[in-house]
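J.: Turn this into a structure:
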Amino acid sequence: MTLLICLIAIALFFDFLNGLHDAANSIATIVSTRVLAPRYAVLWAAFFNFIAFLVFGLHVAGTVGSGIVDVAVVNDRVILGALGGAISWNLLTWYLGIPSSSSHALIGGLLGAGIAKAGLGAVVWPGVLTTSAAIVLSPALGFVLALFLVLAVSWLFVRSTPASADGVFRKLQFVSASLYSLGHGGNDAQKTMGIIAVLLYAHGQETGGFHVPLWVVLSCQSAMALGTLLGGWRIVHTMGSKITRLTPMQGFCAETGGALTLFAATAFGIPVSTTHTITGAIVGVGAARRVSAVRWNVAQGIVVAWVVTMPAAGLVGALVYGVSGLLLP
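T.: Model prediction:
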């Protein structure tokens with residue numbers, strides 16, 4: 001029981017890091033457009049991160065808990081390997097200010113540890129292939145939706161003065177930032193819920209089949225909200241200003257396009273990267289102005305981090321699984 005409690009605590013620490021690391025997803029645009037000061041933006045994002053479980057179901061938690069690695073092969077060492085791979089990658093990319101995906105780091109770590117234990121037979125391929133496809137599809141959809149929204153609102157406000165349009169979108173950004181924070185909390189926190197739920201299942205602590213208890217939901221949402229409160233300012237700078245400069249109108253379009261993408265993915269139970277999604281949306285609004293408005297060298301570096309995330313976390317996950325054999329049964 002002591003080991004189970006320790007593993008749950010490590011999982012909640014990962015969720016805290018997820019909020020810390022991915023706070024930029026929710027607040028980078030509203031901070032960079034100077035609509036909301038950073039200290040108020042993190043409070044705003046943390047609140048909507050926390051209440052997300054009231055809006056969305058738990059489909060993503062079910063996918064991560066039972067749709068990536070066969071639950072029959074999951075034990076304490078597999079979970080420790082998954083969390084070890086994800087946490088180490090999150091800390092490295094946070095330190096370097098690289099907006100990588102906490103979600104795919106966790107899935108990579110889980111795959112690495114699961115394969116280290118039982119080989120490729122441990123992999124639930126439909127879930128893995130869907131998640132892998134989302135690496136490409138979620139930023140692409142965010143890009144297209146944000147680009148379309150820029151064009152649409154530009155046409156709608158064509159007769160407005162720049163000052164009046166700016167005033168309108170400064171208010172609308174409160175709505176779009178709320179929606180994106182809801183999407184972030186609804187998709188990202190559920191991944192850790194799935195990990196804890198499958199851990200409880202492996203320990204025989206769940207009755208009536210695999211499900212996510214309410215206390216797990218509340219604990220994960222709270223840990224992520226706390227991480228968001230502390231913010232991830234290195235990544236906020238990268239997301240909010242290094243890729244492209246944003247106006248309130250562009251910030252609204254990026255957040256709304258990203259939020260719509262997250263809502264759709266969460267409804268279908270697909271664990272996507274909120275980082276990938278908002279990055280694609282920010283590039284989309286920048287490209288709508290002009291192609292040269294996007295700092296493509298920065299965007300290219302971010303894409304490289306996306307590609308490397310799952311393999312790197314998987315290797316660390318497999319390593320942690322192997323080393324843990326010296327300490328755990």
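J.: Tell me which stretches of the stretch 51-200 of the chain form helices.
T.: Under the criterion DSSP state H, counting those that start in this stretch, the stretch 51-200 of the chain carries helices at the ranges 59-66, 76-96, 102-118, 125-156, 162-202.
J.: ok, now which ones touch Ala259?
T.: Contacts for Ala259 were tallied using CB atoms under 8 Å, 6 or more residues apart in numbering; they are Ser176, Leu179, Tyr180, Leu182, Gly183. To be clear about C-beta, it is placed using only N, CA and C from the backbone, and glycine gets the same treatment.
J.: Go again with 10 Å.
T.: Neighbouring residues of Ala259 by CB atoms under 10 Å, 6 or more residues apart in numbering: 26, 142, 145, 175-184, 274, 277-278, 281.
J.: any idea how far it lies from Tyr321?
T.: 36 Å (CB to CB, to the nearest Å).
J.: Name the next helix or strand following the helix or strand of the chain with the lowest mean pLDDT along the chain.
T.: Lowest by mean pLDDT, DSSP states H and E among the helices and strands of the chain is helix 233-237, with a mean of 56. Using DSSP states H and E, the next helix or strand after helix 233-237 towards the C-terminus is helix 248-267.
J.: okay, the angle between the next helix or strand after that following helix and helix 162-202?
T.: Note on helix 248-267: by DSSP H and E, the next helix or strand toward the C-terminus is helix 274-289. Inter-element angle recorded for helix 274-289 and helix 162-202: 160 degrees (by axes from the mean of the first three to the mean of the last three CA atoms, to 10 degrees).
J.: Give me the buried positions along the helix or strand just after helix 274-289.
T.: Counting by DSSP H and E, the next helix or strand C-terminal to helix 274-289 is helix 296-324. Neighbour-count burial for helix 296-324, with 16 or more other CB atoms under 10 Å as criterion, is recorded at 298-299, 302-303, 305-306, 309-310, 312-321, 324.
J.: show me where pLDDT drops low in this structure?
T.: 22-26, 99, 208-210, 231-245, 289-302, 329 (pLDDT under 70).
J.: Let's check: the centremost residue of it is which one?
T.: Among the residues of the chain, Thr274 comes closest to the average C-alpha position under CA atoms, centre = their mean, at 3.8 Å.
J.: how near is that residue to Val60?
T.: 11 Å.
J.: Tell me the residues that contact both of these two, please.
T.: Overlap of the contact sets of Thr274 and Val60 (by CB under 10 Å, 6+ apart) consists of Ser103, Gly186, Asn187, Asp188, Ala265.
J.: okay, now the nearest residue to Leu200 once chain neighbours are set aside: neighbour count?
T.: In space, and not counting its chain neighbours, Leu200 is closest to Glu206: 5.0 Å by CB to CB, 6 or more residues apart in numbering. Using other CB atoms under 10 Å, the number of residues around Glu206 comes to 16.
J.: what do you get for Ala133?
T.: 12.
J.: In contact with it: list those residues for me.
T.: Neighbours of Ala133 in contact, by CB under 10 Å, 6+ apart: Ile270, Val272.
J.: Quick check: it vs Gly19, distance?
T.: 26 Å.
J.: Same question for Thr93.
T.: 15 Å.
J.: Kindly report the same for Val320.
T.: From Val320 to Gly19 the distance is 22 Å (CB to CB).
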